[in-house]
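Trainee: I'd like to go over a predicted model; first the sequence, then the structure.
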Amino acid sequence: MGHFDEMAAKRVVTSAIQGGGAPTLTVTTAGDGTCTVDGNDVAGVLTFADTWADGDTVLGTFCTAKSSAPVVLITHQTNINASGVELVEVDTLAVTSTGFTITASGTCAGSLGYIVVEK
């Protein structure tokens, strides 16, 4: 116990492949920050560019709302400069049944991967 069986693994892979459309992004920045998505409601990559500041946000609205707030995992995608500084600075991640909001804690220049797991 405590591991995926073959049937569960097939459902996870099928869900990732059939993940639906891409989430709609709404960006709120004090500057000219942008964010694009390459993925779907299940997994993808968010790419941040231009000027982001502390408190700026990106809201990802799912194409299909979930029955309850899912677990959203985010990962940094090699965004560390030569000085060891993370270039995508995230302050908070808030999740609801309709989407997720990422709030910057400073500079955002690079990519974040995300995976959405329904409970």
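Mentor: Okay, I see it. Bear in mind the structure is a predicted one, so any value in this text is a computation, not a measurement.

Trainee: please make it C-alpha for all contacts and neighbour counts, starting now.
Mentor: Fine.

Trainee: is Ser111 in contact with Ile74, as I believe?
Mentor: No: counting by CA atoms under 8 Å, Ser111 stays clear of Ile74, with 10.1 Å between them.

Trainee: what about those two, which has more around it?
Mentor: Set Ser111 next to Ile74 and count neighbours by other CA atoms under 10 Å: Ser111 wins out with 21 against 18.

Trainee: for that one, give the beta-bridge partners.
Mentor: Counting by DSSP bridges, Ser111 is bridged to Thr47.

Trainee: ok, now which ones touch it?
Mentor: For Ser111, the contacting residues are 45-48, 76-79, 88, by CA atoms under 8 Å, 6 or more residues apart in numbering.

Trainee: with Val90 instead?
Mentor: By CA under 8 Å, 6+ apart, the residues touching Val90 are 102-106, 108.

Trainee: which strand residues bridge it?
Mentor: Val90 has these beta-bridge partners by DSSP bridges: Ala104.

Trainee: quick one on the thing from earlier: so which of the contacts of Ser111 is the most crowded?
Mentor: Counting by other CA under 10 Å, top hit in the contacts of Ser111: Val88 with 24 neighbours.

Trainee: tell me the centre residue of the protein?
Mentor: Nearest to the geometric centre of the chain sits Tyr114, at 3.9 Å (CA atoms, centre = their mean).

Trainee: wait, it touches Gln77, no?
Mentor: No: counting by CA under 8 Å, Tyr114 does not reach Gln77; the two are 10.2 Å apart.

Trainee: now the helix or strand hosting Ile74: average pLDDT?
Mentor: In this assignment (DSSP states H and E), Ile74 forms part of strand 71-76. Mean pLDDT, computed over strand 71-76, is 92.

Trainee: what number of residues lie near the nearest residue to Glu118 once chain neighbours are set aside?
Mentor: Excluding the flanking residues, the one nearest Glu118 by CA to CA, 6 or more residues apart in numbering is Pro70, at 4.5 Å. Pro70 has 19 neighbouring residues, counting by other CA under 10 Å.

Trainee: which ones are touching Pro70?
Mentor: 95-97, 116-119.
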